[in-house]
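A.B. asks: with the sequence up front, the predicted model follows.
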Amino acid sequence: MQILFLNILRSIKYGFQNFVRNVFLTISTTIVMVLTLFGLGFFIIVNQLSSNAVDVVESKIDIPIYLTEDVKEEKAKEFQSFVDGLDNVKSTKFVSKEDALDDFKKTYEDYPDILDSINILNENPLSVTIVVQAENIRDYDGIVEQIKNSQYSGDVIKNINYEKSSTKRIIDRLTRILSWVQNLQFVVMGLLAFLAIAIPYNTIRLTMYSYRNEIEIMRLVGANNMQIKGPFLVEGVLFGVFGTIIGATLLFVMVLSLPEGVGDFFSTDISSYVQRNALMIVLIQLAVGVLLGAGSSAFAINRYLKA
């Protein structure tokens with residue numbers, strides 16, 4: 001146990017020495033690690049803010065299903081229960097003809113010409129409506145398709161205001177934006193992760209090459225591979241630790257300096273979100289940084305020792 005403890009202390013000592021001694025390589029590698037972890041934290045925040053913004057939009061999106069003029073209330077309620085039971089349906093709302101007329105008048109209260117045209121009629125021209133809200137904006141197409149193919153199509157359903165509606169255009173636009181943002185995140189993070197692995201890998205290889213004589217001497221005196229690897233693994237971990245410290249600091253300074261209008265756009269108080277989740281973000285950055293640094297170091301060491 002004492003020997004193991006001494007080996008750990010030795011690895012930490014020489015790992016720090018390697019980290020400090022190769023200034024140029026250390027700075028260049030740390031900068032790449034900082035960019036990677038900064039990007040990771042940034043995308044974590046953007047992903048959450050985008051999710052919040054989408055949730056706000058989703059809460060305002062629904063599709064009305066207009067029922068036939070002669071449909072009875074019992075049949076309408078039965079149809080509502082059927083829609084409630086469909087997969088991915090979050091909620092439904094029954095709107096009577098009277099409620100639909102009241103909503104119409106409130107919507108167009110600033111347009112007297114439209115209201116006059118309704119008042120001229122001797123009867124309520126609006127239909128009983130079932131308003132449907134989905135769990136996710138991507139679910140509306142499937143829900144509408146299931147309703148159209150149901151037993152209620154024709155004798156209960158008069159019209160589904162979806163295919164040519166502004167709701168459909170909003171949903172399609174949001175879906176495209178979300179897909180584009182997710183693909184961009186994967187591409188950028190993949191590129192940064194590649195650099196964060198490749199550069200520490202080459203840095204450790206160069207460091208080991210510069211210490212090749214010392215490594216040969218350690219082998220001659222009977223040092224095992226773990227004793228040789230230890231300092232270089234510590235050096236890789238240090239890249240991740242310092243990358244996390246600098247990257248997280250830059251990220252929080254940038255985010256907390258954003259104008260309030262940015263938070264309004266995402267329907268979220270960005271400063272509050274970052275303050276509440278700062279520890280979680282830093283821990284994720286640290287775990288990824290240490291994994292990238294130690295992993296690339298371990299790979300470089302094994303390749304070198306086998307050469």
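C.D. replies: Perfect, I can see it now. Numbers count the residues shown, from 1 in each chain.

A.B. asks: lowest average confidence, helix or strand, in this protein?
C.D. replies: Using mean pLDDT, DSSP states H and E, the weakest-scoring helix or strand in the chain turns out to be helix 260-265, at a mean of 58.

A.B. asks: downstream of it, the next helix or strand is which one?
C.D. replies: helix 270-306 (DSSP states H and E).

A.B. asks: give the rounded mean pLDDT of that following helix.
C.D. replies: Averaged across helix 270-306, pLDDT comes to 83.

A.B. asks: could you do stretch 42-50 as well?
C.D. replies: Average pLDDT, stretch 42-50: 79.

A.B. asks: give me the residues contacting it.
C.D. replies: 178, 181, 185, 188-189, 251, 255, 266, 268, 270, 273-274, 277, 281, 284 (Cβ atoms under 8 Å, 6 or more residues apart in numbering). Just so you know, the C-beta spots here come from the backbone N, C-alpha and C atoms, and that holds for glycine as well.

A.B. asks: now do 10 Å
C.D. replies: 177-178, 181-182, 184-186, 188-189, 192, 247, 250-252, 254-255, 262-263, 265-268, 270, 273-274, 277, 280-281, 284-285 (Cβ atoms under 10 Å, 6 or more residues apart in numbering).

A.B. asks: hey, C-alpha coordinates of it in CSV?
C.D. replies: What follows is stretch 42-50, C-alpha atoms only, in CSV (Å, rounded to 0.1, in the frame of the first residue of the first chain):
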residue,chain,number,x,y,z
PHE,A,42,-22.2,26.5,-24.5
PHE,A,43,-24.2,23.8,-26.3
ILE,A,44,-25.5,22.5,-23.0
ILE,A,45,-26.9,25.9,-22.2
VAL,A,46,-28.2,26.6,-25.8
ASN,A,47,-29.8,23.1,-25.9
GLN,A,48,-31.7,23.8,-22.6
LEU,A,49,-32.7,27.3,-23.7
SER,A,50,-33.9,26.0,-27.1
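
A.B. asks: break this structure down into its structural domains.
C.D. replies: Listed domain ranges for the chain are 2-57+172-306, 69-155 (source: automatic domain parsing).

A.B. asks: leaving out sequence neighbours, find the closest residue to Ser127.
C.D. replies: Tyr66 (4.3 Å; Cβ to Cβ, 6 or more residues apart in numbering).

A.B. asks: what's near enough to touch the one you found?
C.D. replies: Tyr66 touches Val95, Ala100, Leu126, Ser127, Val128, Thr129, Ile130, Ile157, Lys158, Asn159, Ile160, Asn161, counting by Cβ under 10 Å, 6+ apart.

A.B. asks: which of the helices or strands spans it?
C.D. replies: Using DSSP H and E, Tyr66 sits in strand 63-67.

A.B. asks: I'd guessed Ser153 sits against Ile160; true?
C.D. replies: Yes: using Cβ atoms under 10 Å, Ser153 makes contact with Ile160 at a distance of 9.3 Å.

A.B. asks: can you give me how far stretch 219-238 is from the chain middle?
C.D. replies: Per Cα atoms, centre = their mean, to the nearest Å, the displacement of stretch 219-238 from the mean C-alpha position of its chain is 38 Å.
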